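# Have a look at this prediction, sequence included:
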Number of protein chains: 2
Amino acid sequence: MENPAKLSGKAAIRKENENNILRAAELVFAEAGFGGATMQLIADMAGLPKANLHYYFPTKEALYRRIVDSIFQIWLDAAAVFDDAAGPVEGIGAYIDAKMEISRSHPAGSKVWAAEVMHGAPVIQDYLETTLREWTQGRAKVIRRWIAEGKMKPVDPHHLLYMVWATTQHYADFGHQIVTLNGGKPFSDEQWDAAKQSVKSIILDGIGATETGRAS
Amino acid sequence: MENPAKLSGKAAIRKENENNILRAAELVFAEAGFGGATMQLIADMAGLPKANLHYYFPTKEALYRRIVDSIFQIWLDAAAVFDDAAGPVEGIGAYIDAKMEISRSHPAGSKVWAAEVMHGAPVIQDYLETTLREWTQGRAKVIRRWIAEGKMKPVDPHHLLYMVWATTQHYADFGHQIVTLNGGKPFSDEQWDAAKQSVKSIILDGIGATETGRAS
DNA sequence: TCATATTCTGACCGTACGGTCAAGATGCTT
DNA sequence: AAGCATCTTGACCGTACGGTCAGAATATGA
């Protein structure tokens, strides 16, 4: 009765349907954008009638907001590696690794977020002004401390963060372009590793963060 | 009669209307995405009735394709600075400058391109497979030559290009987020210069391209 | 077993969209 | 000035969308 995996009954039905809907919606919103996505297509992809979809999520906006919420939460969680780091090599290196891993595992969510911001963030403007702003200021302070401690060369922390965000998310948002330039073949495990290494190598060398003696 | 600026007559009317439409369409497509954009809104913003808009551009797709075409052409032109460069400091440095300038002057076009690629490039897949692929391979060869000549450290040319693209376009595509984190104020001239310098500094140092003795 | 709450679904509604069209207005050429 | 090509426009059309609803189906608890 307390089995969370195969708990039969109404609660289980609800959970499974919501998950199916959210998974389908993330894909459809990512591929078509908010305006181009249709509730009918999401319903088809989730395997239930449109009316049933509206039973779980009353409006298209509500469903969309849930998708954006979840990817934002994933990104915030990934940033934890930043905090308990002795210096930029570990902190920023691990952050790049984490964000690259998210680009690999959640490309659709990344695209939804990108489209939302590109369109002026009509839904998540409050996040940008509160949570994201505080998060950014906190990490900027950490970076400035590392600079003061001589662990990296003086660079503007904001522009550094923008570069990390842009580069890592590029592998999700522009994944289609990258795959095309890769001969139409998705990245292999080795190629993903090489991408991570390249990004970390250029950025960490670019900020002069080699003193802590990292592996490679 | 041969004055191209104030040439009155049908040709002038056509040219001015097309320009107004293209300018309006670029903004609307960038803000709302292809699916969210409406011909009515584009017409209103261009200052003419919707039926007249369909006289100049028969379908929404045709109008959209023109927008994507033009931003792609701008990017290709900007890449000319890459070719006649003695080394990475001049070549990649100038390329970053040029792309940052485009992000500043054509943010809407950049967003349209980004959205198009994110949605699987339904319209410009052929560009990716032909022109862009050839362009990328050509520049990769130049970068490899620079590496062989000892002008920069060995990095994967593709990942380096991706980083340049991602970072420079980020200032257009995620401009809203950046402005929000900047206290709601758009970048000043000085801030744009600082952004350019930060990006160039990190990337050029990151690839070890300092030997030619650049200014700063 | 039966009453109750929850879940499911086909049919339906109003609206807004992309696109068409025929008729009128405007400018160019001779 | 007359004829012609181009440009302009309000009205209209079919479709597809987001969302609603009444009632059927299903599971739960007593």
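Looks like it came in fine. Residues are numbered from 1 along each chain as shown, chains lettered A, B, ... in the order given.

# hang on, A:I21 packs against A:M45?
No - with contact defined as CB atoms under 8 Å, A:I21 does not reach A:M45; the gap is 9.0 Å. C-beta: built from backbone N, CA, C; applies to glycine.

# Give me the more crowded residue out of these two.
Counted by other CB atoms under 10 Å in any protein chain shown, A:I21 and A:M45 do not tie: A:I21 has more neighbours, with 22 against 15.

# Low-confidence ranges, chain A, go.
Along chain A, the parts satisfying pLDDT under 70 run over A:1-8, A:211-216.

# Which positions in it make contact with DNA strand C?
Contacts of chain A with DNA strand C, taken as CB under 7 Å from any atom of the strand, map to A:10-11, A:13-14, A:17, A:48-52, A:54-56.

# Closest one of those to DNA strand C?
The shortest approach to DNA strand C among the residues of chain A next to DNA strand C belongs to A:A51, at 2.7 Å (CB to the nearest atom of the strand).

# State the distance from the closest one to A:Q40.
Per CB to CB, to the nearest Å, A:A51 is found 11 Å from A:Q40.

# Buried subset of the residues of chain A next to DNA strand C as a ChimeraX selection?
Selection of buried members from the residues of chain A next to DNA strand C for ChimeraX, criterion 16 or more other CB atoms under 10 Å in any protein chain shown:
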select /A:17,48,56
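
# and the nearest residue to A:A194 once chain neighbours are set aside, how many neighbours does it have?
Nearest non-adjacent residue to A:A194, counting by CB to CB, 6 or more residues apart in numbering or on different chains: B:D156, 6.4 Å away. By other CB under 10 Å, the residues close to B:D156 number 19.

# Equivalent analysis for A:R66, please.
When neighbours are defined as other CB under 10 Å, A:R66 has 15 of them.

# For B:V112, see how far away A:A121 is.
17 Å.

# which one of these two has more residues nearby?
B:V112 (28 against 20).

# what helix or strand is that one on?
Using DSSP states H and E, the element containing B:V112 is helix B:107-118.

# I'd like to check the angle between that helix and helix A:107-118, please.
Per axes from the mean of the first three to the mean of the last three CA atoms, to 10 degrees, the angle that helix B:107-118 makes with helix A:107-118 is 160 degrees.

# picking that back up, mind telling me the two of the residues of chain A next to DNA strand C farthest from one another?
For those, with distances taken as CB to CB, the pair at the greatest spread is A:A11 and A:K50 (23.4 Å).

# Burial check on the residue in chain A positioned nearest to DNA strand D, number of neighbours?
Using CB to the nearest atom of the strand, the single residue of chain A nearest to DNA strand D is A:G9, 2.2 Å away. Per other CB under 10 Å, the neighbour tally for A:G9 reads 8.

# try A:G120
There are 14 residues near A:G120, going by other CB under 10 Å.

# In contact with the closest residue to it other than its chain neighbours, which residues?
Leaving aside its sequence neighbours, A:G120 sits nearest to B:H176 (CB to CB, 6+ apart; 5.4 Å). When contacts are counted by CB atoms under 8 Å, 6 or more residues apart in numbering or on different chains, B:H176 touches A:117-118, A:120-121, A:128.

# Next: A:F57.
Counting by CB under 8 Å, 6+ apart, A:F57 makes contact with A:21, A:63, A:66.

# How far away from the center of its chain is stretch A:35-55?
The chain centroid and the centroid of stretch A:35-55 are separated by 24 Å under CA atoms, centre = their mean, to the nearest Å.

# CA-only coordinates of it in PDB, if you can.
Taking Å, rounded to 0.1, in the frame of the first residue of the first chain, the C-alpha atoms of stretch A:35-55 are listed here in PDB:
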ATOM      1  CA  GLY A  35       2.500  29.900 -29.600                       C
ATOM      2  CA  GLY A  36       3.000  26.900 -31.900                       C
ATOM      3  CA  ALA A  37       2.300  24.200 -29.400                       C
ATOM      4  CA  THR A  38      -1.300  22.900 -29.300                       C
ATOM      5  CA  MET A  39      -3.100  21.200 -26.500                       C
ATOM      6  CA  GLN A  40      -4.300  18.600 -28.900                       C
ATOM      7  CA  LEU A  41      -0.800  17.500 -29.900                       C
ATOM      8  CA  ILE A  42       0.300  17.400 -26.200                       C
ATOM      9  CA  ALA A  43      -2.700  15.300 -25.400                       C
ATOM     10  CA  ASP A  44      -2.000  12.900 -28.300                       C
ATOM     11  CA  MET A  45       1.600  12.600 -27.300                       C
ATOM     12  CA  ALA A  46       0.600  11.900 -23.700                       C
ATOM     13  CA  GLY A  47      -1.900   9.300 -24.900                       C
ATOM     14  CA  LEU A  48      -5.200  10.800 -23.500                       C
ATOM     15  CA  PRO A  49      -8.000  12.900 -24.900                       C
ATOM     16  CA  LYS A  50      -7.700  16.700 -24.800                       C
ATOM     17  CA  ALA A  51     -10.500  17.100 -22.400                       C
ATOM     18  CA  ASN A  52      -8.700  14.900 -19.900                       C
ATOM     19  CA  LEU A  53      -5.600  17.000 -20.200                       C
ATOM     20  CA  HIS A  54      -7.700  20.100 -19.300                       C
ATOM     21  CA  TYR A  55      -8.900  18.100 -16.200                       C
END
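
# Please see if it touches DNA strand D.
Yes - residues of stretch A:35-55 contacting DNA strand D under CB under 7 Å from any atom of the strand: A:37-41, A:50-51, A:54.

# which of those residues lies closest to A:D193?
The closest of the residues of stretch A:35-55 next to DNA strand D to A:D193 turns out to be A:A37 (CB to CB; 33.6 Å).

# tell me which residues of the longest helix seen in chain A are tucked away?
The longest helix of chain A (DSSP state H) is helix A:10-36. Buried residues in helix A:10-36, defined by neighbour count with 16+ other CB under 10 Å: A:17, A:20-22, A:24-34, A:36.
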